[in-house]
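A.B. asks: Quick one: sequence plus predicted model below, questions after.
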Amino acid sequence: MNKKVVDLLLVSLGSLIAAIGFNTMLLENHIASGGLGGLAVSFQALFGWKPSFFVLIVNIPLLFICYVLLGRATFLKTVYGGTIYPIFIQLTSGLPNLTHTPLLAAVFGGIIVGFGLGLVFLGNSSTGGTGIITQVIHKYSPLPLGTSMVLIDGLVVAVGLAAFNADSVMYSIISLIVISYVVNIMMTGFNASKNLMIISRHHEKIKHYITISADRGVTEIPIHGGFTGKDRFMLMTTISTHEFPKIEKEILAIDETAFIVVMPASHVVGRGFSLTKHYQNEDEDILLPM
């Protein structure tokens, strides 16, 4: 199927799911979890403004700003999601509220909305809104993207103080955290990996174990000891999370003084991870294949 068609379907489905989560979980429980949707929750309580109408109207000047300041390519990626999302909010506005427990609404509403937004992002688009402001601030100021996001979403949640009580604001923060976590999982996947940096006097034995027994690739990096002044090799390998306990145990069995640095690898591309790996010792290896 054509990639543009797939992207269009992902954006449409994701926007629909996010709209359902918004109307059935967040809106009536007064959870303003960031973005234009969060502002819509607060402004409905303050002024009686219809959420779908508010999101659509505010998105129009924001999309114009996107075109002028972020360029035509970003605008084209954003315009469909920014238009279809408020339409789906209106179409699903008649759905019943599924829970009157704010904590459940914050958590499960965050999961549903986060899953929907994740699909939109996988479709190479966004729902516009405050995300456009975040990108503009990031592009035209020294602030990192993450800081810009926290700043804008923090202001949106803070507006909730004018409309609701402190409890609602705290539930909104919980929902915002859940949404961010779910979107991150959607973008990076569930199969987190680990990057190991190993320094050992027995690096040849450890390299042999990793390449032959563990059946993983390894890279030798020349290093110079700052304290000892000696030249050595550091081994670097990337493994799946479930492989780590076994490999760590075997490395320490070879050299109990081995220096091991473990770093998370949220996204790994290549054979054994994103590509099919042909295992050398598949019949005997007790490690689960990727």
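C.D. replies: Arrived safely. Numbers count the residues shown, from 1 in each chain.
A.B. asks: Find the centremost residue of the protein, please.
C.D. replies: Centroid-nearest residue in the chain, with CA atoms, centre = their mean: N184, separated by 1.3 Å.
A.B. asks: Which parts of this structure are strands?
C.D. replies: 193-199, 219-224, 231-240, 259-265 (DSSP state E).
A.B. asks: in terms of contact, does L46 touch F164 like I think?
C.D. replies: No. Counting by CB atoms under 8 Å, L46 sits too far from F164 to count as a contact (9.6 Å). Yep, even glycine has a C-beta here, placed from its N, CA and C like the rest.
A.B. asks: Comparing the two, which shows the higher neighbour count?
C.D. replies: Neighbour count, other CB atoms under 10 Å: between L46 and F164, F164 has more, with 20 against 13.
A.B. asks: quick one: pLDDT of the more buried one?
C.D. replies: Among the per-residue scores, F164 shows a pLDDT of 92.
A.B. asks: which residues does it contact?
C.D. replies: Neighbour list for F164: 30, 32, 42, 45 [criterion: CB atoms under 8 Å, 6 or more residues apart in numbering].
A.B. asks: List of residues touching the lowest-mean-pLDDT helix or strand in the chain?
C.D. replies: Least confident helix or strand, the chain: helix 145-163 with a mean of 85, by mean pLDDT, DSSP states H and E. Helix 145-163 is contacted by residues 30, 32-35, 38-39, 41-43, 45-46, 130, 133-135, 137-138, 141, 143, 168-169, 172-173, 176 when judged by CB under 8 Å, 6+ apart.
A.B. asks: Convert that helix to CSV, retaining C-alpha atoms only.
C.D. replies: Extracted as CSV, the C-alpha positions of helix 145-163 are listed here (Å, rounded to 0.1, in the frame of the first residue of the first chain):
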residue,chain,number,x,y,z
LEU,A,145,12.6,21.2,22.4
GLY,A,146,11.9,19.3,25.7
THR,A,147,12.1,22.5,27.7
SER,A,148,9.8,24.3,25.3
MET,A,149,7.3,21.5,25.6
VAL,A,150,7.4,21.5,29.4
LEU,A,151,7.0,25.3,29.4
ILE,A,152,4.0,25.4,27.0
ASP,A,153,2.2,22.4,28.5
GLY,A,154,2.9,23.7,32.0
LEU,A,155,1.2,27.0,31.1
VAL,A,156,-1.8,25.1,29.8
VAL,A,157,-2.1,23.0,32.9
ALA,A,158,-1.7,26.2,35.0
VAL,A,159,-4.7,27.7,33.3
GLY,A,160,-6.7,25.0,34.9
LEU,A,161,-6.1,26.7,38.2
ALA,A,162,-8.4,29.5,37.1
ALA,A,163,-11.2,27.0,36.1
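A.B. asks: Flag the shaky bits of the protein, pLDDT-wise.
C.D. replies: Counting by pLDDT under 70, the chain has low-confidence residues at 1, 146, 188-192, 266-267, 270-290.
A.B. asks: could you pull out the helices for it?
C.D. replies: For the chain, helices defined by DSSP state H occupy the ranges 3-21, 35-47, 51-65, 72-91, 102-122, 130-140, 145-163, 166-188, 203-208, 244-254.
A.B. asks: nearest to D231, of those helices?
C.D. replies: helix 203-208 (12.0 Å; CB to CB).
A.B. asks: what's the distance between the residue nearest to A258 when sequence neighbours are not counted and I251?
C.D. replies: Nearest residue to A258, sequence neighbours excluded (CB to CB, 6 or more residues apart in numbering): S200, at 4.0 Å. S200 sits 8 Å away from I251, going by CB to CB, to the nearest Å.
A.B. asks: rewinding a little: what sits against the residue nearest to the centre of the chain?
C.D. replies: With CB under 8 Å, 6+ apart, N184 has no contacts at all.
A.B. asks: closest to L104 among the contacts of F164?
C.D. replies: For those, the minimum distance to L104 (CB to CB) is 13.7 Å, reached by H30.
A.B. asks: Name all residues that make contact with that closest one.
C.D. replies: 41, 45, 102, 160, 163-164, 168, 171.
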